[in-house]
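1. Quick check, what structure comes out for this input:
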Amino acid sequence: MTDSESLAANDNPWSGQVAQYKEDIFFDSTFHNQQVSFRTTYGLFSPKAIDAGTGLLIEALDVNSDYDCLDLGCGYGPIGIALARLAPEGRTLLIDKDYVAVEYSQHNLELNGIANADVLLSNGLSKVSDDRLFDLIAMNLPAKIGNELTTVLFADSFLHLKPGGTLYVVSLAGMRGFIKRSLEGIFGNVNKLKQGKQHAVHVSCRETQTK
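-> Numbering: from 1, shown residues only. Model prediction:
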């Protein structure tokens, strides 16, 4: 080691650990009896494993094979990948406002050989064309985005669902009161599908006829 290299190492004793933190993370997971591989990085939500809320939502999904689906706030893509696998005859769109999430979602679609899905950088549904409608929208609702943005996401999801389409939402159990009131107000209906230790999954349907 040269004097300059020795000095640099002494000036930055964390250099080795920092370099390790910059490396991509790889792990496998299984849902709906299918193994999926993931490439992630620190800074994305739950980078080392599928979080409990996402897992609860994925297991609750009821998807026809020809559904067109949307993963709203995709992160590195677990919900969108599950939807694309469950609906191989349809098309799934993954969206997120974080360009790093979009990049890693694209990596993970390619890693798992999924060709019936696309990824889009979008703040909510702002970049999704008005005429693009889905049979199913699924989202793991972040806990700290606020009631106002939550209401916007629910209302925009309603507008992007086909008649009879469904919105699946998983959230922290402590948010369930607001979630139920909001979905009931926008959709006119809401049901709780699953309750975990810390999360709850709710579903609302865009009814085929308005009242």
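2. Now do the contacts for the spatially most central residue of the chain.
-> In the chain, the residue lying closest to the centroid (Cα atoms, centre = their mean) is residue 74, at 3.1 Å. Contact analysis of residue 74 by Cβ atoms under 8 Å, 6 or more residues apart in numbering lists 80, 94, 95, 96, 101, 102, 105, 119. Any C-beta I mention is one placed from the backbone N, CA and C, and that applies to glycine too.
3. right, and the third one touches residue 77 too?
-> Read it as residue 95. No. Using Cβ atoms under 8 Å, residue 95 is not in contact with residue 77, being 10.7 Å away.
4. Please identify every residue contacting each of the two.
-> Listed as contacting both residue 95 and residue 77 by Cβ under 8 Å, 6+ apart are 71, 119.
5. ok, these two, which is more surrounded?
-> residue 77 (32 against 25; other Cβ atoms under 10 Å).
6. quick one, phi psi at the more buried one?
-> phi 110, psi 10 (degrees, to the nearest 10).
7. okay, it: pLDDT?
-> Model confidence at residue 77, given as pLDDT, is 98.
8. Can I get the contacts of residue 74 in JSON lines including distance to residue 170?
-> Formatted as JSON lines, the contacts of residue 74 follow (distance: Cβ to Cβ, whole Å):
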{"residue": "80", "distance to residue 170": "14"}
{"residue": "94", "distance to residue 170": "16"}
{"residue": "95", "distance to residue 170": "17"}
{"residue": "96", "distance to residue 170": "16"}
{"residue": "101", "distance to residue 170": "17"}
{"residue": "102", "distance to residue 170": "21"}
{"residue": "105", "distance to residue 170": "18"}
{"residue": "119", "distance to residue 170": "20"}
